[in-house]
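S.K.: model the structure of this input:
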Amino acid sequence: NFIGLNNANIFLGKNLGSNVKVQFNTHTGSVNVVDPEINTDNSFEVTEAFVTYALQNAQIKVGKFFSAFGEYAPYKADKTLIEEKLTELNNNAAEVAYAVNANSYAKVWAVKANTDSSKEYYGAKFGYKFSKNDATINADLSMLSDAREMFLAPVTVTLTKANAFQGQVAVNY
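M.R.: As a prediction, the model looks like this:
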């Protein structure tokens, strides 16, 4: 029997002047649409709380938020494996983003994992957008310094630290 999505999200944002914004994103309830009985955790939690400061083409973001590796959408019901594992990478984070021009950007970020504060991660993301005929093409490349949080391993296996890369191209007509 399919019950569907049983959750609630509240997003609160406040502009503190023209360049500074504070934002809180909260979540409660099950996010599993395949089998809602799997996730019975209905606790209310603040999943993101951060401050952004923008100046011309640059933006600095500090607080608790999801990393820039890949495209993470925490409030989407059908999360991918990478997205599910990245839920551990949204604590004590800092990010600097720079819009090179209207069609390209770069981000660098650092974060400490929720599960083990001794683990530190850093990464970068680059994106480029252009139009061809009637299509808009977006290309992104992400790098993560430590891919161990991305994979589940048997208890007897210790994963070694290794970089992870993710590329994606989206074509919109």
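
S.K.: where is the longest strand in this structure?
M.R.: Using DSSP state E, we find that the single longest strand of the chain is strand 120-132.

S.K.: in its sheet, what does that one sit against?
M.R.: strand 104-112 (antiparallel), strand 135-144 (antiparallel) (DSSP bridges).

S.K.: export these to JSON lines and tack on mean pLDDT, distance to A49 and mean neighbour count?
M.R.: For the C-beta atoms, the positions are set from N, CA and C on the backbone; glycine is no exception. Conversion of these to JSON lines gives the following (pLDDT from 0 to 100; distance: least, C-beta to C-beta, whole Å; neighbours: other C-beta atoms under 10 Å):
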{"stretch": "strand 104-112", "mean pLDDT": "91", "distance to A49": "14", "mean neighbour count": "18"}
{"stretch": "strand 135-144", "mean pLDDT": "92", "distance to A49": "22", "mean neighbour count": "16"}
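
S.K.: okay if I get these as a markdown table plus distance to A8?
M.R.: Below are the strands paired with strand 120-132 laid out as a markdown table (distance: least, C-beta to C-beta, whole Å):
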| stretch | distance to A8 |
| --- | --- |
| strand 104-112 | 26 |
| strand 135-144 | 30 |
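
S.K.: circling back to that earlier point, now tell me what touches the longest strand of the chain from outside.
M.R.: 67-69, 89, 103-113, 136-146, 149 (C-beta atoms under 8 Å, 6 or more residues apart in numbering).

S.K.: all strands of this protein, in order?
M.R.: Ranges of strands in the chain, per DSSP E, are 6-15, 20-30, 45-55, 58-64, 91-101, 104-112, 120-132, 135-144, 164-172.
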